[in-house]
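> Need the 3D shape of this:
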Amino acid sequence: MKIRKIGPNNDLHEINNKKRKPYNIIFFAVIILSTAAFFGFKYFKKPPVAICLDSDTKVYNEYKDAVVLIKHSYGYFAKIKGTEIQLTNQDVKEETVFGTGFFVDREGKILTNSHVLQPWNSSNEEQEKVNTTIRNLRLKIASILTTDVSEDEYQSFIERNWKIASAYDEGEGDYEGEGEERSEEPAGEEFVSSNDTETDTAATDIAAAIPVKEYVSREDIEVYVKTVDISVALHDSDDQWLSCAIEKVSEDTNIDLGILRLAAHTTPQSVANVINLDNAVQDDASLNPGQKAIMVGYPLGMDLAKTDSGIKVQLYDGKISKESDGNKIQYSITSTHGASGAPVFNECGQLIAVNFSGVDEVQGFNFGIVAKHIRNF
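You can find the predicted model right below:
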């Protein structure tokens, strides 16, 4: 039988191992707990609690830089055999409207009303008016534009000869009527009536000598309305306009919302705070009559915005005057054209609605799309 000897060195080694084990366990436990605490803080921390701004002035100072003045120019266009021209004459001209919008992220995205982005679709009455104008413009172009005019001369030819087309009575609507054949007789030409054979022959020869013009078919003419230019100006800017593009328009006529985006796809650094949609009031049933309502916007567009020291946004306040119907809420804020698309806040600075309409004849009856629809849109 072999006997293993335990020398002094072996005894010390075993003693040291026994002493190290508790320290190793503590060391690894500290590492595990530290790692868990780090990742728990980083990925599972609660969102910061919103601070109530508790005054009109604080709400204004917080968000004035995020609210922009929108300038939208649009006009009537015709596409003739694939060639597009803009129509400018005594019947139609380029229009410019103003509205309000506000930044909702750092990528240049701006929320506003759909009717600011498509003014020609702002109401059934406006749509009917635009459709009538489109039909009449198409008929007038077809009444004067001949096939011998080259495509690069379409615009100048139509502008020179528009008075001839305008001689038709617009009140008659369709002139000779949709689907009817146009007479190719020259306007004002009198028919010859005689029993004299020689006179008839001479008249026939004269008529044969007059060249018959061929007109561009109505089917080859399309008339429509579209944006010419859309841009925004910042609060405190010196009439400097930043180019934008329309990104989205609501297809629901009850939800008057639209999205613009700066061409640069970057929100300017001068905008300290974008309007936080995560902090918006989602439960419109919690909005009760008598509660504070604060609007920051540009009523009357440039008429009020332009000052000697640059463009200035304005603050107006009132109270919620009627419960939400699920889509819109009414408040007593003074507002008018130009404030369409302006953000409306509660007393804490939370977004509650996007201003979209009012009663022109009487102030204090205005409406906003409730904020809960923004996220779905």
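
> From now on I want contacts and neighbour counts done on CA atoms only, so please keep to that.
OK.

> Flag the shaky bits of the stretch 251-377 of the chain, pLDDT-wise.
Where the stretch 251-377 of the chain drops to pLDDT under 70, the residues are 359-363.

> which residues of it fall in helices?
Shown for the stretch 251-377 of the chain, the helices assigned by DSSP state H, counting those that start in this stretch span residues 302-305, 372-376.

> any idea how far Val313 is from Thr307?
10 Å (CA to CA, to the nearest Å).

> higher neighbour count, these two?
The residue with more neighbours, out of Val313 and Thr307, is Val313; 23 against 13, by other CA atoms under 10 Å.

> surely the more buried one meets Tyr63?
No. The criterion here is CA atoms under 8 Å, and Val313 misses it with Tyr63 at 10.2 Å.

> so what's the nearest residue to Gln350 once chain neighbours are set aside up against?
Nearest residue to Gln350, sequence neighbours excluded (CA to CA, 6 or more residues apart in numbering): Ala280, at 5.2 Å. Shown in contact with Ala280 (CA atoms under 8 Å, 6 or more residues apart in numbering): 350-352, 371-372.

> all helices for the stretch 51-200 of the chain, in order.
Going by DSSP H, counting those that start in this stretch, the stretch 51-200 of the chain shows helices at 56-63, 114-117, 124-144, 154-166, 197-209.

> what about Gly338, how many neighbours?
Count around Gly338 with other CA under 10 Å applied: 26.

> ok, it - contacts?
By CA under 8 Å, 6+ apart, the neighbours of Gly338 are 97-100, 297-301.

> and if you look at His337?
Taking CA under 8 Å, 6+ apart, one finds 98-99, 299-301 in contact with His337.

> If we use 7 Å, what do you get?
299-300 (CA atoms under 7 Å, 6 or more residues apart in numbering).

> And Leu287, by the same measure?
Glu323.

> Could you provide the contacts of Ala280 in TSV, with additional columns for neighbour count and distance to Ala342?
What follows is these, written out as TSV (neighbours: other CA atoms under 10 Å; distance: CA to CA, whole Å):
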residue	neighbour count	distance to Ala342
Gln350	24	14
Leu351	25	10
Ile352	26	11
Ala371	25	12
Lys372	19	16
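
> who's in contact with the most centrally placed residue in the chain?
By CA atoms, centre = their mean, the mean C-alpha position of the chain lies nearest to Leu117, the distance being 3.7 Å. For Leu117, the contact set (CA under 7 Å, 6+ apart) comprises Gly258.

> could you redo the last one with a cut-off of 10 Å?
70-74, 97-99, 226-227, 230, 245-249, 257-260 (CA atoms under 10 Å, 6 or more residues apart in numbering).

> Can you tell me which of the residues you listed are buried?
Using 16 or more other CA atoms under 10 Å as the burial test, the contacts of Leu117 include 70-74, 97-99, 227, 230, 245-246, 249, 257-260 as buried.

> hmm, back to that, find residues that contact each of Val313 and Tyr63.
Val296.

> re the thing from before, okay, the helices of the stretch 251-377 of the chain in JSON lines with distance to Ala165 next?
Shown next, in JSON lines, are the helices of the stretch 251-377 of the chain (distance: least, CA to CA, whole Å):
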{"stretch": "helix 302-305", "distance to Ala165": "36"}
{"stretch": "helix 372-376", "distance to Ala165": "46"}
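
> Nearest to Lys81, out of those?
helix 302-305 (39.2 Å; CA to CA).

> Point out where the stretch 1-150 of the chain drops to low pLDDT.
Using pLDDT under 70, the stretch 1-150 of the chain drops low at 1-50.

> picking up where we left off before, who wins for proximity to Glu222 among the helices of the stretch 51-200 of the chain?
Of the helices of the stretch 51-200 of the chain, nearest to Glu222 by CA to CA is helix 124-144, at 6.9 Å.

> Buried residues of that closest one, list them for me.
130-131, 133-144.

> how about the closest residue to Asn254 other than its chain neighbours, what does it touch?
With CA to CA, 6+ apart as the criterion, Asn254 has its nearest non-adjacent residue at 7.0 Å, and that residue is Asn327. Going by CA under 10 Å, 6+ apart, Asn327 touches 254-256, 284, 353, 367-373.

> mind listing which of those residues are in strands?
Those of the contacts of Asn327 mapping onto strands are 353, 367-370, per DSSP state E.
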